[in-house]
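Colleague: the sequence and its predicted three-dimensional model are supplied below.
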Amino acid sequence: MKDRYDVIVVGGGPSGSMAAMFAARAGVSVLMLEKDREIGLPVRCAEGVGDKGLRSVVDINPNWIAQKITTVKLISPAGMEVVIGTDEVGYILNRKMFDPGLAELAAQAGSEIITKAYVNGLLLDNNKVTGVRVRTLGREFQVKASIVIGADGVESRVGRWAGIKTWEKLNDMETCAQVTAQNINVQQDAIHLYFSNTRAPKGYLWVFPKGNGLANVGIGISGEASRHKSPFAYLFEFLQTNFPQAAIITTVAGGVPCAREPEKIVANGLMLVGDAARQVNPVSGGGIVTGMIAGKIAGQVAGQAIIDGKTDEKRLAEYARLWQKAEGKKHKVFYKLKEFVYNMSDKDLDDTAKIALQIPQDKRTILQLFKTALVQKPALILEAIKVLT
Ligand SMILES: Cc1cc2nc3c(=O)[nH]c(=O)nc-3n(C[C@H](O)[C@H](O)[C@H](O)COP(=O)(O)OP(=O)(O)OC[C@H]3O[C@@H](n4cnc5c(N)ncnc54)[C@H](O)[C@@H]3O)c2cc1C
């Protein structure tokens, strides 16, 4: 490790690796620091991504994929299965392969990478971030950089150290519990999403198959709801009822920020990407691809900013603007939709499913379902107006 780089990326998840790769491709020196011993472990994720989004950032390596997905099934509280008509292909990844694969791409582009390197503070000079303090191999180092990119995930502290407000309301932090289990005998190329305000309050349960009967089965509920009953209690009830034969291989818990974006994602010498910048779809809780898109934009802007010799907040705000254009507007709409969907009662969900099943499958889009819910339940129109205006 040198004592100075153009760009330091904190965190070696998908967002960090993409930021490192695109900055390095611009020809500047990049160091990526990861606190865990191995990139990609532990896996705290259901591993679902869409083909189009992923392909917009990287060429897909078949080794990353556990299962191709062609079908989306929404399951109502009473058990009605609504298959959504979609041409979009998706994947259940193998993040144990995917995350290191992305880090390898960053390294091939010229980034240095150090694991077991815990960043425990920023270097600040005159209201500008000028580097990081990092503990590795039992020693503490100060490493200088013109730009630090915080890609340190949901528990991010980098933004806070620079004075950016990144904390969330309890209701906007989904608490998740998940098992990876064998003997989950569902259609292998379909993801299954179970909605019910009593079985998964302000969230949903999922079954994401990984092939040959293996699947990620999990739940995300609002932090507020989890104060009354833990996500694991809901999940084990679900498993007992729906998959009593499940043989559990791994169990994980984790948080997903399903929140509004922070007011600022840049400061003098600093950028935030991925979960650290709350760039997660607030309805689905998916943050892999959005984080990678943000990483790509941030890396490109950081590289050019270094070449231009300007790394103040005003210059780095180009990243925030481009992010808004690419994904930020959608994020705002999804945040409002989340309020609407998660406030539907079990009866509303069942009524909507009943009507949806009368629509031909190839015309049954998510938007169509939303319209059905509104037409069917005039009372929901008021709710929708409240959240969407
Ligand atoms: C149960 C669960 C299921 C999910 N399912 C899906 C899904 O199906 N699809 C989807 O798209 N998203 C899903 N997500 C969300 C997804 O996992 C995240 O949005 C995604 O991993 C964000 O990537 P990231 O690079 O921003 O952060 P992370 O992947 O969290 O990477 C951050 C990295 O920073 C490192 N780090 C943190 N602090 C420091 C420090 N101080 N110094 C050095 N390194 C540090 C961490 O060790 C970590 O490796 C799920 C999340 C959970 C919890």
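Modeller: Sure, I can see it.

Colleague: residues from the stretch 101-250 of the chain in reach of the ligand?
Modeller: 118-119, 151-154, 176, 178, 218 (CB under 6 Å from any ligand atom). Heads up, the C-betas are built off the backbone N, CA and C, glycines and all.

Colleague: and of those residues, the nearest to residue 338?
Modeller: Lowest distance from residue 338 to these (CB to CB) belongs to residue 176, with 15.0 Å.

Colleague: can you pull the pLDDT of the closest one?
Modeller: On the pLDDT scale, residue 176 is placed at 96.

Colleague: quick check, it in contact with residue 220.
Modeller: Yes: at 4.3 Å, residue 176 and residue 220 qualify as touching, with contact defined as CB atoms under 8 Å.

Colleague: so what sits against both of those two?
Modeller: 231, 256, 285 (CB atoms under 8 Å, 6 or more residues apart in numbering).

Colleague: is the residue nearest to residue 151 when sequence neighbours are not counted in a helix, a strand, or coil?
Modeller: Excluding its sequence neighbours, the residue lying closest to residue 151 (CB to CB, 6 or more residues apart in numbering) is residue 16, at 3.2 Å. What DSSP: H, G, I helix; E, B strand; the rest coil gives for residue 16 is helix.

Colleague: please renumber so the chain begins at 43
Modeller: With 43 as the first residue, the last one maps to residue 58.

Colleague: residues near residue 58, how many?
Modeller: Per other CB atoms under 10 Å, the neighbour tally for residue 58 reads 35.

Colleague: and it, what does it touch?
Modeller: 51-52, 74, 76, 191, 193-194, 315-316, 337.

Colleague: tell me what the closest residue to residue 205 other than its chain neighbours is bridged to.
Modeller: With CB to CB, 6+ apart as the criterion, residue 205 has its nearest non-adjacent residue at 6.9 Å, and that residue is residue 309. Note on residue 309: beta-bridge partners residue 312, judged by DSSP bridges.

Colleague: leaving out sequence neighbours, find the closest residue to the residue nearest the centre of the chain.
Modeller: In the chain, the centroid-proximal residue (CA atoms, centre = their mean) is residue 329; its distance is 1.6 Å. Closest residue in space to residue 329, ignoring its immediate chain neighbours: residue 322 at 3.5 Å, by CB to CB, 6+ apart.

Colleague: contacting residues for that neighbour?
Modeller: Residue 322 neighbours (CB under 8 Å, 6+ apart): 298-301, 328-329, 332-333.

Colleague: going through the residues you listed, which ones are buried?
Modeller: When the contacts of residue 322 are checked for burial by 16 or more other CB atoms under 10 Å, the buried set is 298-301, 328-329, 332-333.

Colleague: neighbours of the residue in the stretch 43-192 of the chain that the ligand sits nearest to, just the number please.
Modeller: Residue nearest to the ligand within the stretch 43-192 of the chain: residue 55 (2.2 Å; CB to the nearest ligand atom). Counted with other CB under 10 Å, the neighbours of residue 55 add up to 29.

Colleague: so it touches residue 193, yeah?
Modeller: Yes: when contacts are counted by CB under 8 Å, residue 55 is listed as touching residue 193 (6.2 Å).

Colleague: now do the shared contacts for the two.
Modeller: 316, 333.

Colleague: could you list the contact residues of the stretch 293-431 of the chain toward the ligand?
Modeller: Checking the stretch 293-431 of the chain against the ligand by CB under 6 Å from any ligand atom, the hits are 296, 298, 316-318, 322, 327-330, 333.

Colleague: try 5 Å
Modeller: 296, 298, 316-317, 328-330, 333 (CB under 5 Å from any ligand atom).

Colleague: any chance of these in a markdown table, with secondary structure and pLDDT too?
Modeller: Shown next, in a markdown table, are those (DSSP: H, G, I helix; E, B strand; the rest coil; pLDDT from 0 to 100):
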| residue | secondary structure | pLDDT |
| --- | --- | --- |
| 296 | strand | 93 |
| 298 | strand | 89 |
| 316 | helix | 97 |
| 317 | helix | 96 |
| 328 | coil | 94 |
| 329 | coil | 96 |
| 330 | helix | 97 |
| 333 | helix | 97 |
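
Colleague: who's in contact with the residue in the stretch 143-292 of the chain positioned nearest to the ligand?
Modeller: Going by CB to the nearest ligand atom, the ligand is nearest to residue 195 of the stretch 143-292 of the chain, at 2.8 Å. Counting by CB under 8 Å, 6+ apart, residue 195 touches 53, 55, 316-318.

Colleague: and the strand or helix carrying residue 47, what does it pack against?
Modeller: Using DSSP states H and E, residue 47 sits within strand 46-52. Using 3 or more CB pairs under 8 Å, 6 or more residues apart in numbering; DSSP states H and E, the elements in contact with strand 46-52 are helix 56-67, strand 72-75, strand 170-178, strand 181-192, helix 330-350.

Colleague: contacts for the shortest one, please.
Modeller: Put plainly, it is strand 72-75. By CB under 8 Å, 6+ apart, strand 72-75 touches 43-44, 47-54, 58-59, 62, 65-66, 145, 148, 152-156, 159-161, 174, 176, 178, 185, 187.
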